[in-house]
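Enquirer: Dropping the sequence and predicted coords here.
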Amino acid sequence: MKASRKKGKTVKRSIPWPLHIAVVRLQGSEELEYDEACLRAAVLIEEGSEKYKEAVKVEANRLYKSRFLGEMNKAKNTWIQKGYDDGFRKGKSVGYESAREAYQVRYPCSKCGGDLILKPDGKDTEAAIEFLKSQGWGHSQCIENKKSRE
């Protein structure tokens, strides 16, 4: 015997074991309370009823919307990530080119006149540093201080 409440009244009922097992399975699969599972089972039993058809339609729409929105969110997140990645690559490339143009030191080849580029830790860079030092190059403030001390 099972007791439940309906409109403020308690009704005792006895149901066949297979029906009880079916309700429990329904309860577990749809995460329902026992009374909710019994109501759902009643709707399912009356498959030909309008209430059943409406319940199927509502559930189908819910599943469709849930899946559709999930797919849309995945697509949106993919587009956002792709846009971010593309922008990052383009920005990095443009930034690198801008910095290279602004800070790269070029000098002409003594033989052909073509451009050479000073690279960090290159022999030509070391030679340029030694030449600048030998010619007295330095911070303008340091040079002015040296002149004032003389």
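Expert: Structure's in. What do you need?

Enquirer: list the helices and strands the longest helix seen in the chain packs on?
Expert: The longest helix of the chain (DSSP state H) is helix 50-103. On a contact count with 3 or more CB pairs under 8 Å, 6 or more residues apart in numbering; DSSP states H and E, helix 50-103 meets helix 34-45. (Glycine included, C-beta is placed from N, CA and C.)

Enquirer: quick one, the helix it packs on and helix 50-103 angle?
Expert: Here helix 34-45 runs at an angle of 110 degrees relative to helix 50-103 (axes from the mean of the first three to the mean of the last three CA atoms, to 10 degrees).

Enquirer: Would you mind listing the buried residues in helix 34-45?
Expert: Within helix 34-45, the residues that count as buried by 16 or more other CB atoms under 10 Å are Ala37, Cys38, Arg40, Ala41.

Enquirer: and the gap between Lys76 and Gly83?
Expert: Distance of Lys76 to Gly83, computed by CB to CB, to the nearest Å: 11 Å.

Enquirer: same thing with Ala75?
Expert: Distance from Ala75 to Gly83, by CB to CB: 13 Å.

Enquirer: Asn77 too?
Expert: 11 Å.

Enquirer: Kindly report the same for Gln104.
Expert: Counting by CB to CB - Gln104 and Gly83 are separated by 31 Å.

Enquirer: how would you label Pro120: helix, strand or coil?
Expert: coil (DSSP: H, G, I helix; E, B strand; the rest coil).
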